[in-house]
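Undergrad: Just the structure for this:
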Amino acid sequence: MADSTYPIPGSLEAPPRRWSQAAVLEWLNSWVITVDHKKLGILYMLYAIFFLLVGGAEAIVLRIQLIQPNLHIISPQVFNRLFTMHGTTMVFLVGMTYIFGFANYLIPLMIGARDMAFPRLNAFSFWMTFFGGLLLYYSFLGGGLYGAGNAPDTMWWAYAPLTERAFSPGHGPDYWALSLIVTGFGTIGASVNVIATAFCMRCKGMTLMRLPLLVWLNVVTSGLALITITPLTAAQVMLLIDRYLGGHFFDTQAGGSALIWAHFFWIFGHPEVYVLVLPTFAIASEVIPVFSRKAIFGYPAMVAASVAIAFVSLGVWAHHMFTIGMTSVGNAFFVLSTMLVGIPTSIKIFNWLATMWGGKLRFATPMLFCTAFVVQFLMAGLTGIMLSIAPWDWQLHNSYFVIAHFHYILVGAIVFNIFAGIYYWYPKVTGRMLSEKLGKWHFWLFLLGFHLTFTVMHIPGLLGMPRSIYTYEANRGWGTLNLIISIGGFIQGIAVLVFAVNLIWSYFKGEHAGNDPWDAWTLEWSTPSPPPAYNFATDPVATSRRPLWDLKHPDDPDWKYE
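TA: Just a heads-up that it's a prediction; the model follows:
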């Protein structure tokens with residue numbers, strides 16, 4: 001592979017670095033042309049972490065603007081652009097990429113395979129995602145031709161007819177649509193690869209009902225992504241046809257319908273919540289048993305609940321559209337379907353708690369983040385049930401209450417579990433342990449900042465503060481609340497900086513991890529840290545859902561109880 005004078009990232013005994021130009025270029029070239037699932041997984045995660053920092057910085061600027069009434073720190077135009085880019089970045093460039101970071105790195109190792117099913121498609125999918133993100137942020141550069149460029153300012157849902165040429169004459173919506181079409185192709189390729197790998201590349205003895213839950217939930221997620229990316233891509237193509245080829249899909253004055261966009265977008269947009277959150281359920285389902293020293297409670301129910309969530313989530317999209325005046329029958333259907341998705345979700349919460357109950361709990365940093373996730377996701381589910389009730393939604397639609405609710409999912413569930421997963425598998429990827437001291441500083445600061453921001457944010461929503469507003473009058477009673485919310489945002493930013501310092505410091509100075517620092521049970525922990533290019537010297541054999549438990553405890557193997 002690379003020249004022996006240049007260290008392999010994460011190796012335990014790296015030779016002295018010789019920073020010659022040829023060595024650096026060879027090392028960089030090895031990452032650009034790689035088809036190794038582990039390197040591509042790392043690239044996905046670095047991409048997600050980079051845009052997490054970018055999207056977080058955009059959020060901080062928004063919170064500075066809203067910290068007091070009647071501020072004009074940035075212009076309304078810049079505020080709308082940052083609002084659009086923050087939402088788009090966090091959903092598409094962070095949420096959709098961390099999924100395939102964990103999946104790419106871990107699934108072959110967990111099922112005893114040597115790579116993903118389609119290595120070249122894997123690389124193609126990453127680079128499509130990579131260049132799609134660059135295309136979106138290229139919109140910031142300059143004013144475009146004839147001053148018609150600059151970043152999109154239509155919010156991340158880009159409702160028509162706001163995105164038609166009459167109302168958005170610049171190129172912002174074009175960058176938005178084209179970049180997401182490109183990243184969408186990357187998502188489709190990666191999803192096909194995950195499904196093919198999980199079903200076709202399993203080692204001997206790894207039956208479907210012995211698959212680690214991380215693999216199962218990523219398979220369900222990938223299937224859901226394949227279904228939901230299609231209507232979004234279709235809507236974006238129709239938008240580009242409207243803007244450049246004289247189409248009238250969303251032009252109501254020419255016989256089109258703006259509601260077509262709303263339906264197409266939310267047919268994607270609400271199942272997308274589960275596309276983002278199901279892989280974090282997978283992380284919790286791997287971390288909680290290890291740090292509870294118990295096998296996951298109710299494995300078959302967890303698998304069934306995952307499939308049920310994906311199925312039911314396809315029929316709930318129009319609860320985002322209660323205020324448009326649907327029929328009472330339509331409202332009733334989407335009220336019931338939205339409540340119904342809470343049943344399989346509750347099964348998962350019950351099973352995580354049942355796994356922890358009576359266990360020998362160890363609150364290392366990964367477990368701290370997962371424990372906070374369980375509590376916060378329960379709270380998010382309760383406010384979700386509230387918003388599923390059409391009359392309640394009529395009162396709070398497009399208010400900060402809704403912002404608080406979905407950030408409880410996007411941050412309180414997804415980001416917390418991303419951090420848990422990174423702390424848990426970082427030793428496997430690099431051969432080094434992350435600092436527990438810095439990890440706990442990161443956790444407690446982030447937890448405090450999260451609740452100061454998003455728990456408090458429910459209150460101005462109940463008091464009538466609408467989302468997406470640039471500023472507000474002092475007599476509304478929202479000033480002190482927004483000050484607290486912004487302070488919480490700053491604390492979260494500090495916590496993420498602590499996390500970034502921990503990643504970098506531990507890579508060079510962290511304690512050597514060994515092969516299995518957590519005394520875990522899935523196959524990836526049977527390989528060296530970091531794993532070799534070929535993963536396994538000989539094909540492993542799975543004897544139960546916890547093959548390493550069987551290896552470590554031959555007198556009490558799991559297969560007796562399956």
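Undergrad: So for stretch 276-285, what gets flagged as buried?
TA: 276, 277, 278, 279, 280, 281, 282, 283, 284, 285 (16 or more other CB atoms under 10 Å). (C-beta placed from N, C-alpha, C; glycine too.)
Undergrad: before we move on, what about stretch 491-508?
TA: 491, 492, 493, 495, 496, 498, 499, 502, 503, 506, 507.
Undergrad: how about a markdown table for those residues, with distance to residue 293 added?
TA: Below are the buried residues of stretch 491-508 laid out as a markdown table (distance: CB to CB, whole Å):
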| residue | distance to residue 293 |
| --- | --- |
| 491 | 33 |
| 492 | 32 |
| 493 | 35 |
| 495 | 28 |
| 496 | 31 |
| 498 | 29 |
| 499 | 27 |
| 502 | 26 |
| 503 | 28 |
| 506 | 25 |
| 507 | 29 |
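Undergrad: could the residues you listed go into CSV alongside pLDDT and distance to residue 175?
TA: Output for the buried residues of stretch 491-508, formatted as CSV (pLDDT from 0 to 100; distance: CB to CB, whole Å):
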residue, pLDDT, distance to residue 175
491, 97, 32
492, 96, 28
493, 95, 26
495, 97, 31
496, 95, 26
498, 97, 33
499, 97, 30
502, 96, 34
503, 96, 30
506, 95, 37
507, 95, 34
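Undergrad: Mind checking which of those land in strands?
TA: Assigned to strands by DSSP state E, none of these qualify.
Undergrad: Spell out, range by range, the helices that occur in the stretch 251-400 of the chain.
TA: 258-292, 299-313, 328-340, 342-356, 365-388, 390-396, 400-409 (DSSP state H, counting those that start in this stretch).
Undergrad: Let me have those in TSV, adding mean pLDDT as columns.
TA: Output for the helices of the stretch 251-400 of the chain, formatted as TSV (pLDDT from 0 to 100):
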stretch	mean pLDDT
helix 258-292	93
helix 299-313	94
helix 328-340	86
helix 342-356	95
helix 365-388	94
helix 390-396	88
helix 400-409	94
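Undergrad: right, and the ones you listed - which one's nearest residue 549?
TA: When the helices of the stretch 251-400 of the chain are compared by CB to CB, helix 258-292 sits nearest residue 549, at 10.3 Å.
Undergrad: Now do that closest one against helix 342-356, angle only.
TA: For helix 258-292 against helix 342-356, the angle by axes from the mean of the first three to the mean of the last three CA atoms, to 10 degrees is 10 degrees.
Undergrad: so how far is helix 258-292 off the chain centroid?
TA: 8 Å (CA atoms, centre = their mean, to the nearest Å).
Undergrad: Now that helix: buried residues?
TA: For helix 258-292, burial by neighbour count (16+ other CB under 10 Å) applies to 258, 261-292.
Undergrad: Would you reformat the helices of the stretch 251-400 of the chain as CSV and include distance to residue 34?
TA: Compiled in CSV, those are given as follows (distance: least, CB to CB, whole Å):
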stretch, distance to residue 34
helix 258-292, 23
helix 299-313, 31
helix 328-340, 43
helix 342-356, 35
helix 365-388, 27
helix 390-396, 47
helix 400-409, 33
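Undergrad: Identify whichever of those lies nearest to residue 96.
TA: Counting by CB to CB, residue 96 lies closest to helix 258-292 out of these; the figure is 7.4 Å.
Undergrad: If you count contacts, what does the closest one end up packed against?
TA: Counting contacts by 3 or more CB pairs under 8 Å, 6 or more residues apart in numbering; DSSP states H and E, helix 258-292 packs against helix 96-111, helix 213-244, helix 299-313, helix 342-356, helix 365-388, helix 400-409, helix 416-430.
Undergrad: so can I have JSON lines of these showing mean neighbour count and distance to residue 49?
TA: Shown next, in JSON lines, are those (neighbours: other CB atoms under 10 Å; distance: least, CB to CB, whole Å):
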{"stretch": "helix 96-111", "mean neighbour count": "27", "distance to residue 49": "8"}
{"stretch": "helix 213-244", "mean neighbour count": "21", "distance to residue 49": "19"}
{"stretch": "helix 299-313", "mean neighbour count": "19", "distance to residue 49": "26"}
{"stretch": "helix 342-356", "mean neighbour count": "18", "distance to residue 49": "26"}
{"stretch": "helix 365-388", "mean neighbour count": "21", "distance to residue 49": "15"}
{"stretch": "helix 400-409", "mean neighbour count": "23", "distance to residue 49": "19"}
{"stretch": "helix 416-430", "mean neighbour count": "25", "distance to residue 49": "8"}
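Undergrad: who wins for proximity to residue 135 among the ones you listed?
TA: The closest of these to residue 135 is helix 213-244. By CB to CB, the value is 12.9 Å.
Undergrad: Just say helix, strand or coil for residue 88.
TA: Three-state call for residue 88 (DSSP: H, G, I helix; E, B strand; the rest coil): helix.
Undergrad: so which of the helices and strands packed on helix 258-292 comes closest to residue 447?
TA: Relative to residue 447, the nearest member of these by CB to CB is helix 365-388, separated by 5.7 Å.
Undergrad: What is that closest one packed up against?
TA: Judged by 3+ CB pairs under 8 Å, 6+ apart, helix 365-388 is in contact with helix 258-292, helix 328-340, helix 342-356, helix 390-396, helix 400-409, helix 416-430, helix 436-450.
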